[in-house]
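Chemist: Structure of the sequence below:
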Amino acid sequence: MRGVLEPIRELDAATAAAWGELAAAPLEPNPFFDPRLATAAARHLPGGEEDRLLAVYDGEAMVLALPVRRVARYRRVPMPTLVGWGHAHSYLDTPLVAGADPAGAFACALDVAAGAGARWLVLESSPCDGPVRKALDTALGRRGGQAAALLPYQRPVVRRREAPTYLDGRLSGQRRKKLRRQRRRLEEHLGPVRIRDLAGTDFDRGLERFLAQEQAGWKGQEGTALASDVGPARFFREGMGAFAQAGRAQAWVLEAGDATVATLCAVVGGRGAFHVKTAYDERHARLSPGVQLELGVLEAFHADPGLDWIDSCTEGEDSPSGLLYPDRRPMQTLVVPLDEGARLGARALRQGLRWRARLARDDRAAEP
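Modeler: Purely as a prediction, here's the structure:
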């Protein structure tokens, strides 16, 4: 096997094609590391000129792909680090891996990272389970080390069930009654309510509805909405448009009369849907438009035999996904040391974060 570290903006057609073939059939899907989104991010997002593709080849086939960004320090620790991705619109850091020897591919990738001067490789949104994590742990074990796991949390997900019992134990009878009443009020104020996916000929219109709705809300006021800056808006239109052309994008809308009350943009990877961005009309916040839309998307998911799970791509339990989705996937940040000194630094960072979390808990407990 051979590994390379190349600027994403300067990839040739053969490399891009090999990356696309890997993204089509990896051990675990990750659309955020698909070249359709990754190359758009490198072209249009701040710092994209620094983005690199850490790739491993077995013969002519690419068997590992990991977009990374180099930083001089990580969490205030002066340690040269390659961080998986590096922008605010990527919600999963699982490397794309395939081939007969995924552990060997990781071993080669770690050698390339170390040869480039990095001492840590960091994957900030990394699942605690799965074949890719197993391959990484195997490669590290052969080197006599292990990754430092930091900042664990539970991500809301949905896994297919035989019967649509996803809300059992999630919503009380009183809460369901309230949601039905809120939906009726939407109809009374605005007109008939419908939930639909604008994928296909109306996808561009659905995308623009989302961008406008996000810009009109609190993110627009704070300047963090995608449409607040030309670069992020171009990234989103280009990346999502490429997924739509491949038939792997969704643009869900909650409509009431002529008004779009909530939107949800998603991409499909493997047999799962990844919820990328959501927005709602904050003038109707008291009627729970985000929850109403998620309920409709959940019903559509169960009716779609091509999907086995939904990844909410969120952390909080107070989101609509946290409220409605019955399953959880354990996630964490992985700091992968690339030499002995870096291992000591990773352990110190992990201990420091544990102490900080403990102090925070003590402070909360001491509050009146």
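Chemist: Break the chain into its domains for me.
Modeler: Split into domains by automatic domain parsing, the chain comes to 2-146+338-366, 158-329.
Chemist: Let's see the distance spanning the shortest one from one end to the other.
Modeler: This means domain 158-329. Using Cα to Cα, to the nearest Å, one end of domain 158-329 lies 9 Å from the other.
Chemist: chain center to that domain: distance?
Modeler: 15 Å (Cα atoms, centre = their mean, to the nearest Å).
Chemist: Report whether the expected contact of E238 with A42 is present.
Modeler: No - at 11.0 Å, E238 and A42 do not qualify as touching, with contact defined as Cβ atoms under 8 Å. Quick note: C-beta positions are derived from backbone N, CA and C, even for glycine.
Chemist: okay, the two: which has more neighbours?
Modeler: Neighbours per residue (other Cβ atoms under 10 Å) separate E238 from A42, with A42 holding more: 25 against 16.
Chemist: who's in contact with the more buried one?
Modeler: Listed by Cβ atoms under 8 Å, 6 or more residues apart in numbering, the contact partners of A42 are P7, I8, R9, G48, E49, D51, P67.
Chemist: Give the phi and psi angles for the fourth one, as a check.
Modeler: In this case it means G48. phi -60, psi -20 (degrees, to the nearest 10).
Chemist: What of the last one?
Modeler: Note on P67: backbone dihedrals following degrees, to the nearest 10 are phi -70, psi 130.
Chemist: what sits opposite it in the beta ladder?
Modeler: Taking DSSP bridges, one obtains L53 as the residues bridged to P67.
Chemist: surely it meets W85?
Modeler: Yes - the criterion here is Cβ under 8 Å, and P67 meets it with W85 at 5.3 Å.
Chemist: what is in contact with the two at once?
Modeler: Common contact partners of P67 and W85 (Cβ under 8 Å, 6+ apart): F33, A38, A41, D51.
Chemist: Out of these, name the ones that lie in helices.
Modeler: A38, A41 (DSSP state H).
Chemist: coming back round to it: among the domains of the chain, which is nearest P152?
Modeler: Evaluated with Cβ to Cβ, the domains of the chain place domain 2-146+338-366 nearest to P152, the distance being 7.4 Å.
Chemist: any idea how far the closest one is from the chain center?
Modeler: With Cα atoms, centre = their mean as the basis, domain 2-146+338-366 stands 14 Å off its chain's centre.
Chemist: Fine by me, thanks again.
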